[in-house]
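*Asks:* predicted model and sequence follow; I will ask about them next.
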Amino acid sequence: MDSFWSKLPKPFFALAPMADVTDPAYRRLIAEYGAPHVTWTEFVSADGLYHTREKKGMKDGENPLVRDLQYSEAERPIVAQIFGSIPETIEYASELVATLGFDGVDINMGCPDRSIEKQGAGAGMIKTPELVAPIVEAARRGAARGKEGGIPVSLKTRIGYHQETMDTWLPVVLAAKPDALTVHLRTRKEMSKVDAHWELMARAVALRDAHSPNTIILGNGDVNDLNDARTKAEASGADGIMLGRAIFGTPWLFTDRVEVTPAERIEALRTLAQYFSELRPTKSFHLLKKHIKSFITGWDGAAQLRGALMNASTLEELESILAAAKP
Ligand SMILES: Cc1cc2nc3c(=O)[nH]c(=O)nc-3n(C[C@H](O)[C@H](O)[C@H](O)COP(=O)(O)O)c2cc1C
């Protein structure tokens, strides 16, 4: 398939999927400052998409999970991430994602969250390698039904479960010939507690070369900014680098900007709050609190303003504190 993956620069830089962080509101702000080469959505449950529809007979536009899959044209190419371990629901969700116009569908095979692993999904998939091929085939079937010619199917995983087992695990995922593969350079057991093992990325690239040379490979974990990303791509030979937590409080991350004034930080948070109320009316206002912490920092008086904002309990209150703020 001649997909967007083959048209990206080398190296390219991608925004990581982060639940309740890279939501439609924050992604819109990021795209306004300067979009990455590829954007991922937060993950969405394939079972959830399937069952909400089946059980409640909702139209897709009314389904809150489908609302989580809103995006704007400025975010393209945009990949929707789903999780699940049942081919039937993966097929359904992939069809839906293709119908919604996404440029790709990505399957999460690395999330350590227990509630997700209990469903056999996320990092749980590393323990059931026999499921990888049927899951990817189901995604391809669904994608082809949703859009003529299908959309690319990619995977995101870790370097092992209890210990590093790249030499056995990566050939399994690569045998499914994903269009792209993101390797978060930690095991499931390591969660995010140790430094990402960038020294292993060149080996992951070599495994890709040996088992599925047409798969685009991305490295992920602890990348601070674009300069760091360029260095890591060069050292490892990765096609692309995915950045996650570096986007906290820095929606301009993909623009090479370093100098940002306190006034700009305040303005960015205000805009985000507006987008949040517009795009996520059903989501808790408290989800904004992690953004308050990361935006309102780094100048004299920031702590005081942050304290006031953290005590706000409605969006209106937050907006009026921000409007009165003098950095
Ligand atoms: C708050 C949060 C939510 C996350 N949600 C997801 C997710 O929905 N899907 C996923 O594949 N990874 C998720 N991750 C993992 C990130 O995509 C990424 O692999 C990890 O944070 C390491 O990259 P970083 O050091 O650049 O942040 C999440 C991480 C964080 C911190």
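*Replies:* Arrived safely, thanks for sending. Just so we're clear, the structure is a prediction, and the values are computed from it rather than from any experiment. Numbers count the residues shown, from 1 in each chain.
*Asks:* do you know how far the residue nearest to Tyr50 when sequence neighbours are not counted is from Pro327?
*Replies:* If the residues on either side of it in the chain are set aside, Tyr50 comes closest to Thr89, at 4.0 Å by CB to CB, 6 or more residues apart in numbering. Quick note: C-beta positions are derived from backbone N, CA and C, even for glycine. According to CB to CB, to the nearest Å, Thr89 and Pro327 sit 48 Å apart.
*Asks:* tell me which of those two has more neighbours.
*Replies:* More neighbours surround Thr89 than the other of Thr89 and Pro327, with 25 against 15 (other CB atoms under 10 Å).
*Asks:* so for the host helix or strand of that one, what gets flagged as buried?
*Replies:* Element membership for Thr89 (DSSP states H and E) is helix 87-99. Buried residues in helix 87-99, counted by 16 or more other CB atoms under 10 Å: 87, 89-98.
*Asks:* one more: stretch 319-327?
*Replies:* Neighbour counts over stretch 319-327 (16+ other CB under 10 Å) mark 319, 321-322, 325 as buried.
*Asks:* just say helix, strand or coil for the residue nearest to Ser94 when sequence neighbours are not counted.
*Replies:* With sequence-adjacent residues excluded and distances taken as CB to CB, 6+ apart, Ser94 is closest to Gly142, at 3.2 Å. Secondary structure, DSSP: H, G, I helix; E, B strand; the rest coil: Gly142 is helix.
*Asks:* tell me how far Phe295 lies from Pro262.
*Replies:* Phe295 is 10 Å from Pro262, where distance means CB to CB.
*Asks:* of the two, who's got more company?
*Replies:* Neighbour totals were compared for Phe295 and Pro262, and Phe295 leads with 27 against 19 (other CB under 10 Å).
*Asks:* so how many other residues sit close to the nearest residue to that one once chain neighbours are set aside?
*Replies:* Take Phe295 and drop its neighbours on the chain: the residue closest to it by CB to CB, 6+ apart is Leu269, 4.2 Å away. Other residues within reach of Leu269, judged by other CB under 10 Å, total 24.
*Asks:* contact partners for Leu269?
*Replies:* By CB atoms under 8 Å, 6 or more residues apart in numbering, the contact set of Leu269 is 291-292, 295-296, 322.
*Asks:* closest to the ligand out of the residues you listed?
*Replies:* Using CB to the nearest ligand atom, His291 comes nearest to the ligand of these, at 11.5 Å.
*Asks:* now that closest one: how far from Ile321?
*Replies:* His291 is 14 Å from Ile321, by CB to CB.
*Asks:* same thing with Glu32?
*Replies:* For Glu32, the distance to Ile321 - CB to CB - is 23 Å.
*Asks:* show me what from this structure comes close to the ligand.
*Replies:* 16-19, 21, 42-43, 81, 108, 110-111, 156, 184, 220-223, 243-246 (CB under 6 Å from any ligand atom).
*Asks:* now, these that are in strands?
*Replies:* Among the residues of the chain next to the ligand, DSSP state E puts 42-43, 81, 108, 156, 184, 220, 243 in strands.
*Asks:* rebuild those residues as CSV, extending it with distance to Ser277.
*Replies:* Below are these laid out as CSV (distance: CB to CB, whole Å):
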residue, distance to Ser277
Glu42, 18
Phe43, 23
Gln81, 24
Asn108, 28
Lys156, 30
His184, 32
Asn220, 31
Leu243, 27
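*Asks:* any chance of the residues you listed in JSON lines, with neighbour count and pLDDT too?
*Replies:* Shown next, in JSON lines, are these (neighbours: other CB atoms under 10 Å; pLDDT from 0 to 100):
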{"residue": "Glu42", "neighbour count": "19", "pLDDT": "96"}
{"residue": "Phe43", "neighbour count": "25", "pLDDT": "96"}
{"residue": "Gln81", "neighbour count": "26", "pLDDT": "98"}
{"residue": "Asn108", "neighbour count": "26", "pLDDT": "98"}
{"residue": "Lys156", "neighbour count": "28", "pLDDT": "98"}
{"residue": "His184", "neighbour count": "26", "pLDDT": "98"}
{"residue": "Asn220", "neighbour count": "25", "pLDDT": "98"}
{"residue": "Leu243", "neighbour count": "23", "pLDDT": "98"}
